[in-house]
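Participant: Model the following, please.
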Amino acid sequence: MSRVSIRGSGSGKIHFLGKGIIGYGRYMKYKEYLKVITQNEIVSERLRIINYFDGYGARATKEAFSFSRSTIYCWKRTYRLSRSNPSSLIPKSRRPKRFRGMETDPRILSFVRNLRENNYRLGKEKIKVLLDTYCLSEGIKPVSTSLVGKIIKRNNLFFKGLGRIYHNPNHLHTKPALKRKRIPKGYRSLGAGDCLQIDTIARFDLSTKTYILTAIDLFSRFSFAFAYTTLSSRVSLDFFQKLTIVSPFKIKSVKTDNGLEFLGEFDGYLQKVGITHYFSYPATPKSNAFIERFNRSLQEEFVEDNREYMPDREIFNRKLVDYLIYYNQIRPHKSLELKSPLGYLVCNSNLSRMSVTHTGG
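Facilitator: Reported below is the predicted structural model:
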C-alpha cells in the first residue's frame, strides 16, 4: 500500500492513504517498534528478562540472568513511562555531565606563557627542562611533559603559521590551477598513435648529467628516444617535434607523468595542435608500465654499453638512433608475437611494407 497520494495536478496537497483507517496508527507504531527490537540485541534481551521476571519472580530471574531486582524495576519503569517504546531500553551514554577541572599553579602557567609568547619557539619537552629548574627554585612540585602540552593547548599558546616566509605573504596567486586529464581506467589502445607514453631517464655518469627522453606507442610498441644535457618544457617540446617527424603514424594523444618538463611550452603546443594530453595518477608507476619497461630495455641494451660516449652528446645520439632503428625494425618483441614494431604495423594493415625501411629522413 502506498503511503501518500497527490490529488489534482495543481493543488500540491499530500494525503496519507492510511488516514482515517481504524488501527492504522497502532499498526505503524508496532511496525516501528518491531524494527527496533529485531535490530538491537540489547533491547530484545532486556525485554526477554522483563517477561521472565513477570512470569517467574525476582529470585529465579537473578539466578538465571544475574540482574538484581532494582535494575529490572528501573527497566520496567522506563519502559512504562515511554508507553512501551522499546527504544527507551537502549543503554544511555554513561559519560559524566560534569568533569573535574585541571588545576594549575598560576606561577607555572605564567612561566609557560612567558616562554611561548616572549622567547624562541620551544616545544613542551624543552619547556619541561626549563620548568623543572624553575619549580625547584620556587618550591613547586614539577609537572609532567604531558601536562605542559595540556597547558599549551587549553590556553591556546600556539605560534602563528609562518607560511611562505621567503615570499611576500600578501601576494595572491591569481593563476588558476591546471586541470589535468587522467586516462580512463582500463583504457586499451586500439590503433597506432591512439596513445603514446612519454617519460624521462636521468643518468649521472662520468661527472656528466644526461636526460634521455623516451616515448612508446601503446599499440605497436614503436619507440623513440633522444638525449639532452638539460631538462625543461622547451626540451620536451623539441623531443616531441622530433618524435612527430620520425613517427610512421599520426599521434592522437600522449600520456606523461606530472613533471614540470611536461607543462609549459610542451603542454601549450599539444593544445595548439589538438593532441590530447593525459597525466598519470600520482605515485602509480604501474600505470606507465609500457614506457617503464622500454626504459629498462634501453638502459640494459644500449646505455650501459655506451656510457663513455655520453660527454659527446652528438656521437651518443647518433649511436642511439642506430639502436632505435634496430629496435623498431629488427628486434623481435614477445608482446607482438615475436614481430618488430614496424613489422607488426604492416601485418595489421596499419603501414605499408615500404615504410619498414623508412628512417624518417
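
Participant: quick one: low-confidence parts of the stretch 251-361 of the chain?
Facilitator: 349-361 (pLDDT under 70).

Participant: those strands in it, which residues are they?
Facilitator: 253-256, 276-279 (DSSP state E, counting those that start in this stretch).

Participant: would a markdown table of those strands with mean neighbour count and distance to A60 be doable?
Facilitator: C-beta here means a position set from N, CA and C on the backbone, and glycine is covered the same way. A markdown table is the format used below for these (neighbours: other CB atoms under 10 Å; distance: least, CB to CB, whole Å):
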| stretch | mean neighbour count | distance to A60 |
| --- | --- | --- |
| strand 253-256 | 22 | 75 |
| strand 276-279 | 17 | 73 |
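
Participant: Nearest to S335 among the ones you listed would be which one?
Facilitator: Relative to S335, the nearest member of the strands of the stretch 251-361 of the chain by CB to CB is strand 253-256, separated by 17.8 Å.

Participant: packing partners for that closest one?
Facilitator: For strand 253-256, the packing partners by 3 or more CB pairs under 8 Å, 6 or more residues apart in numbering; DSSP states H and E come out as strand 196-205, strand 276-279.

Participant: List the contacts of whichever strand or helix holds K126.
Facilitator: Using DSSP states H and E, K126 falls within helix 124-138. Contacts with helix 124-138, where a contact means CB atoms under 8 Å, 6 or more residues apart in numbering, come from 107-108, 111-112, 115-116, 122, 140-145, 148-149, 152.

Participant: ok, now with 10 Å
Facilitator: Residues outside helix 124-138 that contact it (CB atoms under 10 Å, 6 or more residues apart in numbering) are 105, 107-108, 111-112, 115-116, 119-120, 122, 140-153, 157.

Participant: thinking again about what came up before, closest to F222 out of the helices and strands packed on strand 253-256?
Facilitator: strand 196-205 (8.6 Å).

Participant: Using CSV, write down the CA coordinates of the closest one.
Facilitator: C-alpha atoms of strand 196-205 as CSV (Å, rounded to 0.1, in the frame of the first residue of the first chain):
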residue,chain,number,x,y,z
LEU,A,196,51.9,7.4,-26.6
GLN,A,197,53.6,7.3,-23.2
ILE,A,198,56.5,9.7,-22.7
ASP,A,199,59.0,9.6,-19.9
THR,A,200,62.5,10.8,-18.8
ILE,A,201,65.6,8.8,-17.8
ALA,A,202,68.1,10.8,-15.7
ARG,A,203,71.7,9.5,-15.8
PHE,A,204,74.8,10.7,-13.9
ASP,A,205,77.9,9.1,-15.4
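
Participant: That strand packs against which elements?
Facilitator: strand 208-217, strand 223-228, helix 233-246, strand 253-256, helix 289-298 (3 or more CB pairs under 10 Å, 6 or more residues apart in numbering; DSSP states H and E).

Participant: Just the residues contacting the shortest one, thanks.
Facilitator: What that stands for is strand 253-256. 180-183, 187, 189, 193-200, 215, 218, 236, 240, 243, 262-263, 266-267, 270, 275-280, 287-288, 290-291.

Participant: Quick one: buried ones out of these?
Facilitator: Buried members of those, scored by 16 or more other CB atoms under 10 Å, are 183, 189, 193-200, 215, 218, 236, 240, 243, 262-263, 266-267, 270, 275, 277-280, 287-288, 290-291.

Participant: can you give me the strands for the stretch 1-150 of the chain?
Facilitator: 4-7, 13-16.

Participant: least reliable of the ones you listed going by mean pLDDT?
Facilitator: Ranked by mean pLDDT, the strands of the stretch 1-150 of the chain end with strand 4-7 at the bottom, a mean of 44.

Participant: how about CSV for the strands of the stretch 251-361 of the chain, with distance to D322 added?
Facilitator: Output for the strands of the stretch 251-361 of the chain, formatted as CSV (distance: least, CB to CB, whole Å):
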stretch, distance to D322
strand 253-256, 25
strand 276-279, 30
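
Participant: Can you say which of those strands is nearest to T61?
Facilitator: strand 276-279 (68.5 Å).

Participant: chain center to that closest one: distance?
Facilitator: 20 Å (CA atoms, centre = their mean, to the nearest Å).

Participant: any chance of the helices and strands packed on strand 196-205 in TSV, plus distance to R69?
Facilitator: Shown next, in TSV, are the helices and strands packed on strand 196-205 (distance: least, CB to CB, whole Å):
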stretch	distance to R69
strand 208-217	81
strand 223-228	85
helix 233-246	82
strand 253-256	75
helix 289-298	72
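
Participant: Of the helices and strands packed on strand 253-256, which is nearest K92?
Facilitator: Short answer: strand 276-279, nearest of these by CB to CB, at 52.7 Å.

Participant: what packs against that closest one?
Facilitator: Using 3+ CB pairs under 10 Å, 6+ apart, strand 276-279 sits against strand 181-182, strand 253-256, helix 264-273.
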